[in-house]
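>>> need a 3D model of the sequence below.
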Amino acid sequence: MATLRLPDPSLVVLIGAAGAGKSTLAARLFAPEEVLSSDALRAVVSGDEADQSASAVAFRILHRTLARRLALRQLTVVDATNTAATVRRPLVARARATGLPTAAIVLDFDPKLVRSQNAGRQRIVGRDVVDRHLAGVRQSVDGGGLADEGFDQVVILRSPAEAAALTIERTSA
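Next comes the predicted model:
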């Protein structure tokens with residue numbers, strides 16, 4: 001079983017394709033009020049977490065809420081695909097501006113498994129979108145650039161079993 005020693009407060013960025021299990025992991029490891037979910041915010045904005053037309057407003061709310069939580073020195077988890085460096089950089093910059101540490105938790109699962117999990121969900125994301133996410137994860141992991149992006153800690157989970165075994169030990173920041 002792997003244990004992530006996580007400074008509290010800090011920013012945790014989940015990275016993974018749609019259907020990989022980011023929300024399940026977040027719900028198991030963190031309190032609901034600590035998690036900023038792009039899906040949940042789309043649901044608040046439009047009544048439908050799958051409504052991509054609500055994404056721009058949902059992410060504005062996410063970033064505004066993130067800035068407030070970090071300024072209040074509250075541990076915050078960003079539950080979104082976050083598969084592109086261009087999406088992650090502003091998150092890390094917000095944490096740095098408040099002097100808080102950052103951690104990335106990457107769900108780097110077998111593509112066949114992720115596609116299968118996605119197909120078994122109530123809200124199925126298109127294969128082309130999932131494949132784009134998987135390519136982003138692959139580039140993030142293989143390029144080794146997550147530490148270069150400013151993450152203090154990077155945890156790469158290679159299977160659902162590793163994700164299920166992950167525990168968090170909170171430490172003083």
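
>>> immediately after the helix or strand harbouring L25, which helix or strand?
Per DSSP states H and E, L25 falls inside helix 22-29. Next helix or strand after helix 22-29 toward the C-terminus (DSSP H and E): strand 35-37.

>>> who's in contact with that following strand?
The contact list for strand 35-37 (C-beta atoms under 8 Å, 6 or more residues apart in numbering) reads S23, A26, A27, L62, T65, L66, R69, T76, V77, V78, D79, A80. Where C-beta positions appear, they are placed from N, C-alpha and C, glycine not excepted.

>>> parallel or antiparallel, list what pairs with it.
Here strand 35-37 has these sheet partners by DSSP bridges: strand 76-79 (parallel).

>>> pLDDT of the strand it pairs with, averaged?
Mean per-residue pLDDT for strand 76-79: 98.

>>> using PDB, list the CA coordinates for that strand.
This file holds the C-alpha atoms of strand 76-79, laid out as PDB (Å, rounded to 0.1, in the frame of the first residue of the first chain):
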ATOM      1  CA  THR A  76      -8.100  21.700  -2.200                       C
ATOM      2  CA  VAL A  77      -8.400  18.900  -4.800                       C
ATOM      3  CA  VAL A  78      -9.100  19.700  -8.500                       C
ATOM      4  CA  ASP A  79     -11.100  16.800  -9.900                       C
END
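
>>> re earlier: what is the helix holding L25 packed up against?
Applying 3 or more C-beta pairs under 8 Å, 6 or more residues apart in numbering; DSSP states H and E, we find helix 22-29 packed against strand 11-15, strand 35-37, strand 76-79, strand 102-107.

>>> switch these over to CSV; also include mean neighbour count and distance to L134.
Below are these laid out as CSV (neighbours: other C-beta atoms under 10 Å; distance: least, C-beta to C-beta, whole Å):
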stretch, mean neighbour count, distance to L134
strand 11-15, 26, 11
strand 35-37, 21, 20
strand 76-79, 25, 18
strand 102-107, 24, 10
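
>>> dump the ones you listed to TSV, plus distance to D148.
Converted to TSV, the helices and strands packed on helix 22-29 look like this (distance: least, C-beta to C-beta, whole Å):
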stretch	distance to D148
strand 11-15	14
strand 35-37	24
strand 76-79	19
strand 102-107	12
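
>>> before we move on, back to that, tell me the mean pLDDT for the helix holding L25?
96.

>>> list the buried ones in that helix?
Of the residues in helix 22-29, K22, S23, L25, A26, L29 count as buried by neighbour count, 16 or more other C-beta atoms under 10 Å.
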